[in-house]
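Engineer: Predicted model and sequence follow; I will ask about them next.
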Amino acid sequence: MLLIYCPYCEEERSELEFRQAGDAHIARPTNMTEMTDEDFEAFFFLRDNVKGLTFERWRHLNGCGRFFNAARDTVSDKFLTTYKAGLPRPDLSTLRPATEATVETYEATESNAK
Amino acid sequence: MADLIGAELATRTLPLSGFHGGSAAAALSVAAPATRISLRAKPDAVAALSGALGLSLPTKAKTSASSNGRHALWLGPDEWLVIDENEADLIAAVASSNMLHSATDISHRNTAIIVKGRGAAVAINGGCPQDLSLAAFPVGACSRTVLAKAEIVLLRTAEDTFRVECWRSFSPYVSTLLAEAAEDAGN
Amino acid sequence: MSGANRIPGAGRLTPAKTARFFFDGKSYAALEGDTVASALLANGVHLVGRSFKYHRPRGIVSAGAEEPNALIGVERDAARKQPNVRATVQDVFDGMKVISQNRWPSLAFDVGAVNNLLAPFFAAGFYYKTFMWPKQAWKHVYEPQIRAAAGLGVSPTEDDTDHYSSRYAHCDVLVIGAGVAGLSAALAAAKTGARVIICDEQPEVGGALHYDKSVTIDGQDGYSWAQATAANLAKMDNVTVLPRTTAFGYYAQNFVGLNERVTEHLAKPDKKLPRERLWQVRAKRVIIATGAIERHMVFANNDRPGIMLASAARTFLNHFGVAVGKKVGVYTANDSAYEAAFDLKRAGITIAAIVDSREQPGEAVLAEARSLGIEVMVGYGVVDTGGKLRVSSMSVARNGGGSSRKIAIDALLVSAGWTPSVHMFSQSRGKVAYDAETQRFLPGTYAQDCLSIGACNGTNDLQATIEESLAAGELMSNASGYTAPEKLALQGVNAFSWTGGMAGAAEGAGPDTTVKAFIDFQNDVCAKDIRLAVREGMHSIEHIKRFTTNGMATDQGKLSNIHGLAIAAETLGREIPKVGLTTFRAPYTPVTFGTLINHSRGELFDPTRKTPMHALEEAQGAVFEDVGQWKRAWYYPRAGEDMHQAVNRECKTVRDIAGIFDASTLGKIEVVGPDAAQFLNLIYTNSWDTLKPGRCRYGIMLREDGFVYDDGVVGRMAEDRFHVTTTTGGAARVMNHMEDYLQTEFPHLNVWLTSATEQWAVIAVQGPKAREIIEPLVEGIDLSNEAFPHMSVREGKVCGVPTRLFRMSFTGETGFEVNVPADFGPAVWAAISERTEALGGCAYGTEAMHILRAEKGYIIVGQDTDGTVTPDDASLGWAVGKKKTDFVGIRGLRRPDLVADGRKQLVGLLTKDPAVVLEEGAQIVANPNQPLPMTMIGHVTSAYWSENCGRSIALALVAGGKGKIGQTLYVPMPDKTIAVEVSDMVFFDKEGGRING
Ligand SMILES: [Zn+2]
């Protein structure tokens, strides 16, 4: 069970108090009615599902109730940082030392077997 | 038929009415009825609302302010749970601030269980993942959190006492779980 | 007498404290503090089980949690039978019933042992290859047979009568393991004032001090020092000492699961005590002091009862006072086994010989052996053993071959060296590193804030362990801001330092491919099986593991992994680290379901939510149904009525007179602020600007993709305050949906949301006499049609308490919804109920509510819609604001598929035979005579018998449905095909006049 730092409560809390809420930094267009089908598809349906660094939204549902953003590594499961909703993506070079290797995972170990 | 109405004034049926239990380590009882509001406001209204309520609305996470049986609990950056154990009209009180805010009566939505004893924190930790040591959760600390599968709001009113607020329909679950955990806290 | 093999004066148990227990029905004596293993050995019982695959007789291999063989069942009563308990960790209690496993009809004579004779057919990978063909045979022949033969132990068939508890705990330093290292570290950490939790899987702390009697610490006997240290720690406020507690899982961010066995050792546990307690510990720092596990030697027939780890024999002697044999052989590749021989010899037991596979054993132990008169055969191997149900001989030969000599023995102690227990470290996602010199995997790169100390860190020397541990305890406390008031020092002394060790097959493990030299006892994996796996093309240790099942039993290969790896490496001609090590996974030892579930059983399985009026409804005879977590009154049968009769009466009564209904579970959200209407404009398809205070409107909410998400009536209480209602099931998710948009897309709006679902008890009064029912109870509200028309809301008083009174209807009748603060709900319900009944009305439940609304064609989101239905599909297009420039879902509604022809649309269905009620979910076709598979053009979403219409009614989603009104369609069922006519959705009072009555 993860600990997640809530940028509003300014404290790490148990994952049990939080809910994941999908990808971050996808702003709802203000010109909704003028969007082409392709633009709408890209906005609403298409997601990258990246392996590695991802930006996602979380809500401190059973805490302060705030939605916030997180930079997380989907391979190691580690949160690199969390930040308030509305703030731009943080500069990750300051967050992750270049030397730190991605943590070994089940999948990585298993794939070595192939 | 108006005269009938006064005579037939509806009585209150409290959730968990008469509930008490727990163990020597953590005694459980149901809190007396209180008025409660969910108060929402922006930072510029905090001072006026504090004046109207007669206490300083806390602006720091996990903190509360109390005065004469009235408690204001920080739940979120623009959200407070205000409880008045003397059942004062809190809606009217905050309205007198004349500042932009939202106040919704939740007096009957919530009910509260008092957990008291040397094992109070251990009992609550039977289902709550927060660190309830005095260093991390001192007297006056408060937080919305979870107790197993229910949402609760915790307020530490003394070193050995917590007020556990929950929605009324969750109170049988919360009280039963706390009773089991209170029993275990004595072991 | 507590067993013939108990040596007077030996061990730490008290001879006067006796207990009796049963093993396979036979009564045995034991001492308090015995494990089942030590007590059986004290009684000369070595045969305790049968192996999984070959059903070979098996005995006790170890004295700890690593035990692969001695798995037993412990029965307290019919409901409390625990299978697969390791006899080496289960304490004996008086009256205990122990049964052996995996044998039939008896342990000594087991029919399944024929598998041993058929062994040539049970080669590694046997299951994969043999049961491939014919395909159908797998399901009907092979699998049932294998299932019957597989599995260890028998689980109870009755509900567990024990209870289990759970506790979250936080600490600065968690110490896993309470041997010399763990205790030293905990002591150093505790002295700084840091919050410390120290746990150990054994009943008492001490770890290796249980068997190594030679140790003294600060001049005190090591075992006594450990007990005294634990007692001192337990007295400190900042320390929690947890014996009988296994750290079974190491998860992210120093989250460690502990399993405390609270009553497993007690004959008559206090009912108040949980059987086991789950600790979920969040530690700032973790110190791993899990020690090392001795490996067995891999040679022919190394699995006979009586063959055990050397350190285990020492534990049985030095702690339990039990001699594991009278004439004992030793086969080792490591110095430590010598000390077992020394201890046994000094206790008066004959040591037949120490067979050492090495050419150069440690000089000190060799000298001591000579001085004790023990024969040491250097450079020899045990190439075979004899004996059926217990070992009776060992055959010894010089390394490299030659003739063998048979030596009579009744126990054989083995040691191939020590495997550091890196399980916890590895679970923490740390990467182990191979130390070629000592042939060990040791903690390498750390992934979390933890530190390994002592034997699990590869530190062998006692004093070095103590110093490393004291330093670790202090260092880990510093991380939380605690510092040591003074430097601690402890002086440890022991007899010998050990050298040696080997991994893989010893002399006598082959090369003959029929030799059974076991590496994994529990899964019956032999050295030859690993070689076969490599020959068959398995080159990765992960594949070899799965092919042979090595390490996949409940002991997870604590003894076998390194041997298997070494044999694989040798066969592949590669170095061990190149072959790799399989990943260690939680749990370290098996954890019961009871512990994992703990409190969440029975009424605590999930919250059961009841409305304020629940007790009154129960008294009125209501039958309840589950709606999510809620219990809702379903119908109110009267004497002699079945469900249909009750529901028909309720439906009829509502339309003829009136009914009272508990609608409290509907979600309610208070939307407050100057921008409240603007916010609702964005959330709903409707427009809210024109709604005047005191009026209500039915609103539809979409997701961004254009599909209906929820619906409900919204009342405007004031210019800046709305009372929003949602579906019962949608309450929480709609609140989240609205908060999400408010916080992240429309944060500029001055509006706030508060869940008020449970603030209000809601009593719906519906029917021609609804007004007459509530009129005398209401104060301050003019209830006349003119002053209070349909879709209005007023504030006033009912029964003297405040109310938000809605004029609305989900039945099509004149209706009111009385909202009162929840605590007043029961009293107001009682008052309205009394009036209702006095006027000939009745209470009605959710079933009648569903029928009444269907008669009017009102949809239920989630029943008549399924997440692919647009407002237009549901004939609710009128609720979409045509002039609006934005709302959630506005663009989704214009997607090509959502405006295309032929979409499934909600329509009514009337069965040609009015008595036939369709089944919800039934599929609809245009032509029932078409070939299979038929083209399905829709399905029934709601279907009921309508007493008010005198016939069945149904709603259905049908492709192009609105254009098919009047047409005949078909609903094929298993036994018949039902003809239906498509209709509009309103079945009763099509003009809608009753609502304004
Ligand atoms: Zn928060």
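Structural biologist: Everything's here; your move.
Engineer: Name the residues of the helix or strand hosting B:Ala182 that are buried.
Structural biologist: Taking DSSP states H and E as the criterion, B:Ala182 maps to helix B:171-185. By neighbour count on 16 or more other Cβ atoms under 10 Å in any protein chain shown, the buried set for helix B:171-185 is B:171-185. C-beta coordinates here come from the backbone N, C-alpha and C atoms, glycine included.
Engineer: Next: stretch B:72-80.
Structural biologist: Neighbour-count burial for stretch B:72-80, counted by 16+ other Cβ under 10 Å, picks out B:Ala72, B:Leu73, B:Trp74, B:Leu75, B:Gly76, B:Asp78, B:Glu79, B:Trp80.
Engineer: sorry, back to before: as PDB, could you dump the C-alpha coordinates of the helix holding B:Ala182?
Structural biologist: Extracted C-alpha coordinates of helix B:171-185, given in PDB (Å, rounded to 0.1, in the frame of the first residue of the first chain):
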ATOM      1  CA  SER B 171     -22.900   4.400  12.300                       C
ATOM      2  CA  PRO B 172     -23.900   0.700  13.000                       C
ATOM      3  CA  TYR B 173     -20.900  -0.400  10.900                       C
ATOM      4  CA  VAL B 174     -18.500   2.100  12.500                       C
ATOM      5  CA  SER B 175     -19.700   1.400  16.100                       C
ATOM      6  CA  THR B 176     -19.600  -2.400  15.600                       C
ATOM      7  CA  LEU B 177     -16.100  -2.300  14.100                       C
ATOM      8  CA  LEU B 178     -14.900   0.100  16.900                       C
ATOM      9  CA  ALA B 179     -16.400  -2.300  19.500                       C
ATOM     10  CA  GLU B 180     -14.500  -5.200  18.100                       C
ATOM     11  CA  ALA B 181     -11.300  -3.200  17.800                       C
ATOM     12  CA  ALA B 182     -11.800  -1.700  21.300                       C
ATOM     13  CA  GLU B 183     -12.100  -5.200  22.700                       C
ATOM     14  CA  ASP B 184      -8.800  -6.100  20.900                       C
ATOM     15  CA  ALA B 185      -7.100  -2.900  22.100                       C
END
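Engineer: quick one on the thing from earlier: could you point out which of the buried residues of helix B:171-185 is nearest to C:Ala300?
Structural biologist: Checking these against C:Ala300 by Cβ to Cβ gives B:Asp184 as the nearest, at 51.7 Å.
Engineer: okay but the closest one is in contact with C:Arg275, surely?
Structural biologist: No. Using Cβ atoms under 8 Å as the test, B:Asp184 is too far from C:Arg275 to be in contact (11.5 Å).
Engineer: Does C:Leu680 touch C:Val672 like I think?
Structural biologist: No. Assessed by Cβ under 8 Å, C:Leu680 is found out of contact with C:Val672, at 11.5 Å.
Engineer: Determine if any part of stretch C:589-609 is in contact with chain A.
Structural biologist: No. With Cβ under 8 Å from any Cβ of the partner chain as the criterion, chain A is not reached by stretch C:589-609; the gap is at least 13.5 Å.
Engineer: Contacts for that stretch next, please.
Structural biologist: Residues from elsewhere that reach stretch C:589-609 (Cβ atoms under 8 Å, 6 or more residues apart in numbering or on different chains): B:126-127, B:148-150, B:169-170, B:172-173, B:176-177, B:180-181, C:65, C:82, C:84, C:86, C:160, C:162-166, C:201, C:246, C:248, C:257, C:259, C:274-278, C:554, C:629-631, C:665.
Engineer: Could you tell me the end-to-end distance of that stretch?
Structural biologist: Using Cα to Cα, to the nearest Å, the end-to-end distance of stretch C:589-609 comes to 38 Å.
Engineer: How far away from the center of its chain is that stretch?
Structural biologist: Its chain's C-alpha centre and that of stretch C:589-609 lie 9 Å apart, by Cα atoms, centre = their mean, to the nearest Å.
Engineer: Would you mark the buried spots in it?
Structural biologist: Quick answer for stretch C:589-609 (16+ other Cβ under 10 Å): C:Thr589, C:Val591, C:Thr592, C:Gly594, C:Thr595, C:Asn598, C:His599, C:Leu604, C:Pro607, C:Thr608, C:Arg609.
Engineer: okay, the residues you listed in a markdown table with pLDDT and secondary structure next?
Structural biologist: What follows is the buried residues of stretch C:589-609, written out as a markdown table (pLDDT from 0 to 100; DSSP: H, G, I helix; E, B strand; the rest coil):
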| residue | pLDDT | secondary structure |
| --- | --- | --- |
| C:Thr589 | 93 | coil |
| C:Val591 | 94 | coil |
| C:Thr592 | 92 | coil |
| C:Gly594 | 94 | helix |
| C:Thr595 | 96 | helix |
| C:Asn598 | 97 | coil |
| C:His599 | 97 | coil |
| C:Leu604 | 97 | helix |
| C:Pro607 | 98 | coil |
| C:Thr608 | 98 | coil |
| C:Arg609 | 98 | strand |
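Engineer: what two of those are the furthest from one another?
Structural biologist: Across the buried residues of stretch C:589-609, the longest distance by Cβ to Cβ is 38.4 Å; it joins C:Thr589 and C:Arg609.
Engineer: if we can go back for a sec, so of the contacts of stretch C:589-609, which ones are in helices?
Structural biologist: Cross-referencing the contacts of stretch C:589-609 against helices under DSSP state H gives B:Pro172, B:Tyr173, B:Thr176, B:Leu177, B:Glu180, B:Ala181.
Engineer: roughly how far apart are the closest residue to the fifth one other than its chain neighbours and C:Leu278?
Structural biologist: By that I understand B:Glu180. Leaving aside its sequence neighbours, B:Glu180 sits nearest to C:His599 (Cβ to Cβ, 6 or more residues apart in numbering or on different chains; 5.5 Å). Relative to C:Leu278, C:His599 is positioned 9 Å away (Cβ to Cβ, to the nearest Å).
Engineer: Kindly report the same for C:Met613.
Structural biologist: 38 Å.
Engineer: So what sits opposite C:Ser404 in the bridge?
Structural biologist: Beta-bridge pairing for C:Ser404 (DSSP bridges): C:Ala397.
Engineer: what's the burial count for it?
Structural biologist: By other Cβ atoms under 10 Å in any protein chain shown, the residues close to C:Ser404 number 17.
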